[in-house]
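A.B. asks: turn this into a structure:
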Amino acid sequence: MDAILGYFFIFFARVCDVSLATIRTLMVVRGNRLQAAAIGFFEVIIYITALNQVVSRLDNPVNLIVYALGFATGNYVGSLLEEKLALGLTTVQVITKNPELSGKVRSLGYGVTVLNGSGKEGTRHVLVISLARKNVPDLISYIENEDESAFITIMDTKSVKGGYFKQAK
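C.D. replies: As a prediction, the model looks like this:
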């Protein structure tokens, strides 16, 4: 019974520490140093504790397998968490023939900068929209419904200064 509890501990500790590592890495990339440091503190405590369970019992290869399974699962769980949290900002660039699309997107509460562009098939409107990542799926769905031929690119935004952002309801 103790061995099974040990396997569960190693597995779940590894899932937790790798998931935290994923979130910590995103915090570093986005410039949130204090949050990254705090997450790293707990991450390393969990990591060392799980590693100790494996290294102190090297004669049991199941520990190593459970440790590796926890690592793999932690990567998966961490990416799901990151997707659900949708931390940070994004810039969506839309290239459209529809001159009314910018006004429609503004009516949703988003700030839109419009540039004139020239493509292979003539004049286009380039809409630049900075928004919270959590709002991207709704915006993309709206744009696709309004202009199915729109060309959409999504870029990660590290930081912004000034401008207009949709207010939370």
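
A.B. asks: now stretch 150-158, how far from the chain's geometric center?
C.D. replies: Chain-centre distance of stretch 150-158: 14 Å, with CA atoms, centre = their mean, to the nearest Å.

A.B. asks: so what touches it?
C.D. replies: The contact list for stretch 150-158 (CB atoms under 8 Å, 6 or more residues apart in numbering) reads 29-31, 88-96, 98, 101, 130, 136, 140, 143-144. For the C-beta atoms, the positions are set from N, CA and C on the backbone; glycine is no exception.

A.B. asks: can you point out the buried residues in the longest strand along the chain?
C.D. replies: With secondary structure taken from DSSP state E, the chain has its longest strand at strand 122-132. By 16 or more other CB atoms under 10 Å, the buried positions in strand 122-132 come out as 124-127, 129-132.

A.B. asks: ok, the nearest residue to Glu43 once chain neighbours are set aside - contacts?
C.D. replies: Leaving aside its sequence neighbours, Glu43 sits nearest to Leu20 (CB to CB, 6 or more residues apart in numbering; 4.1 Å). Neighbour list for Leu20: 39-40, 42-43, 46, 78 [criterion: CB under 8 Å, 6+ apart].

A.B. asks: one more time with 10 Å, if that's ok
C.D. replies: 39-44, 46-47, 74, 78, 81 (CB atoms under 10 Å, 6 or more residues apart in numbering).

A.B. asks: Leu26 too?
C.D. replies: 32, 35-36, 39, 78, 81-82, 85, 87-88, 156.

A.B. asks: now do Tyr142 against Gly119, distance only.
C.D. replies: 22 Å (CB to CB, to the nearest Å).

A.B. asks: between the two, which is the more surrounded one?
C.D. replies: Tyr142 (15 against 11; other CB atoms under 10 Å).

A.B. asks: quick check: the more buried one touching Lys104?
C.D. replies: Yes - counting by CB atoms under 10 Å, Tyr142 does reach Lys104; the two are 7.8 Å apart.

A.B. asks: how is the protein partitioned into domains?
C.D. replies: 2-85, 89-157 (automatic domain parsing).

A.B. asks: pipe those domains into JSON lines and attach mean pLDDT and distance to Gly163 per row.
C.D. replies: Putting the domains of the chain into JSON lines (pLDDT from 0 to 100; distance: least, CB to CB, whole Å) gives the following:
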{"stretch": "domain 2-85", "mean pLDDT": "92", "distance to Gly163": "17"}
{"stretch": "domain 89-157", "mean pLDDT": "92", "distance to Gly163": "6"}
